[in-house]
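> Pasting the sequence and the predicted model now:
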Amino acid sequence: MARSFKLGRVGAVLLLPLFISGCGDWTPLIPGTPLGDKHFWFLTAGLQYTLLISLNSIVCGSVIGLVGAMMSRSRFRAVRRVVWFYVEGFRMVPLFVLLLWIYYALPIAINELPPEFSDLPGLDPLRQMTPFTAVMIGLSLNAGAFLVEIFRAGMESVSKQQIDAGMAFGMSRPLLMRRIILPQAIRRMLPPMTSQFISIVKDSSLGGAIGVMEITRRATLLQTQILHPMEIYTFLTLEYITILVLLTALARYLERRYPQHA
């Protein structure tokens, strides 16, 4: 597996000069000329939005997933049902549809609330929804629904004997979670969590559909102006590959640093 990964990276490096030198006209995208500088920096400026959306959604989605996973293990059936409805609901709705609803429909729904609810704190930012906020909320809620199941499976993989032993030593449930369950569960959850985080980065491209100026949106706008689809979308592909290779490398380092069976 490691050798295949290394061969893939070598292949990508070997193909890059071919794309730049032998295919298409890359002059409008290569820095060094007024037009090249303008277009290159226009495309790469979207990286900050892609990374901010991805990072914030990963953090918020992880918090939602962790809280939801702990609630799904509650002794109260009503709490478990709430988590079940959340997970099933957000996993069934396509992410693109969810983003459209949050950006266009949610502010209208909030403005039509009864007066006793319309003045609740925290609703003002939702009334004047920005595309960036809408994408953050949508990606976080969508990712959280999947991460709930990942966290829950990781927690349930910890043997009951260890939990019983901790309780026999007088540990409280929060202490048991912090000292015994989570350290082992997180090690086992790293591979599926990495896959989910990669999906978040790729799904951030949907933000362009509601006006976020991330890298996909910028590539589409520039393509309509200069009509170089092969060069622009190849450059866009390389941007995503670079982000995901770095994310995958970080995840593999963590998997080696914190093996499942330490």
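Structure received.
> how much space is there between Gly36 and Lys202?
28 Å (Cβ to Cβ, to the nearest Å). The C-beta positions use only the backbone N, C-alpha and C, and glycine is treated the same way.
> Oops, could you answer that again for Arg73 instead?
Taking Cβ to Cβ as the measure, Arg73 falls 30 Å from Lys202.
> Look at the residue nearest to the spatial centre of the chain and give its secondary structure.
Centroid-nearest residue in the chain: Ile200, 2.5 Å away (criterion: Cα atoms, centre = their mean). Under DSSP: H, G, I helix; E, B strand; the rest coil, Ile200 falls in the helix class.
> what's near enough to touch it?
For Ile200, the contact set (Cβ atoms under 8 Å, 6 or more residues apart in numbering) comprises Ser54, Ser57, Ile58, Gly61, Leu139, Ala143.
> Just list the residues touching the last one, thanks.
This points to Ala143. Contact analysis of Ala143 by Cβ under 8 Å, 6+ apart lists Ser57, Ile58, Gly61, Ser62, Ile64, Gly65, Gln196, Ser199, Ile200.
> The contacts of Ile200 in helices, which ones?
Those of the contacts of Ile200 mapping onto helices are Ser54, Ser57, Ile58, Gly61, Leu139, Ala143, per DSSP state H.
> burial measure for the closest residue in space to the fifth one that isn't next to it in sequence, as a count.
The spatially closest residue to Leu139, leaving aside those adjacent along the chain, is Ser57, at 3.8 Å (Cβ to Cβ, 6 or more residues apart in numbering). The burial metric for Ser57, expressed as a neighbour count using other Cβ atoms under 10 Å, is 25.
> Ser57 reaches Ala134, doesn't it?
No: the criterion here is Cβ atoms under 8 Å, and Ser57 misses it with Ala134 at 11.7 Å.
> any idea how far Val87 lies from Pro94?
Between Val87 and Pro94 the distance is 16 Å, computed by Cβ to Cβ.
> The two: who's more crowded?
Between Val87 and Pro94, counted using other Cβ under 10 Å, the more crowded position is Val87 (21 against 10).
> Which parts of the stretch 101-250 of the chain are helices?
Ranges of helices in the stretch 101-250 of the chain, per DSSP state H, counting those that start in this stretch, are 106-111, 115-118, 124-127, 131-156, 160-168, 173-176, 182-203, 215-226, 229-257.
> quick one, which of these is packed in tightest?
helix 131-156 (a mean of 22; mean count of other Cβ atoms under 10 Å).
> tell me the mean pLDDT over that one?
Regarding helix 131-156, the rounded mean pLDDT is 95.
> Now distance to Leu236 and pLDDT too, for the contacts of Ala143, in TSV please.
Formatted as TSV, these follow (distance: Cβ to Cβ, whole Å; pLDDT from 0 to 100):
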residue	distance to Leu236	pLDDT
Ser57	20	97
Ile58	21	97
Gly61	24	97
Ser62	27	96
Ile64	29	97
Gly65	29	96
Gln196	22	96
Ser199	18	96
Ile200	18	97
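> Which two of the residues you listed have the greatest separation?
Greatest spacing in these, by Cβ to Cβ: Ile64 and Ser199 (15.1 Å).
> Surely Ile186 and Gly154 touch.
Yes: if you go by Cβ under 8 Å, Ile186 and Gly154 touch, sitting 6.9 Å apart.
> Show the low-confidence segments of the protein, by residue range.
For the chain, applying pLDDT under 70 flags the ranges 1-23, 260-262.
> Quickly note the distance from Ser54 to Gly170.
Separation of Ser54 from Gly170 (Cβ to Cβ): 42 Å.
> ok, now Leu222?
63 Å.
> Ok, Pro121 next?
Distance, Pro121 to Gly170, by Cβ to Cβ: 40 Å.
> show me what contacts Met213?
Here Met213 is in contact with Ala45, Gly46, Tyr49 (Cβ under 8 Å, 6+ apart).
> Can you report how many residues neighbour the closest residue to Ala134 other than its chain neighbours?
Once flanking residues are discounted, Ala134 sits nearest to Tyr103: 3.8 Å by Cβ to Cβ, 6+ apart. By the measure other Cβ under 10 Å, the count of residues near Tyr103 is 22.
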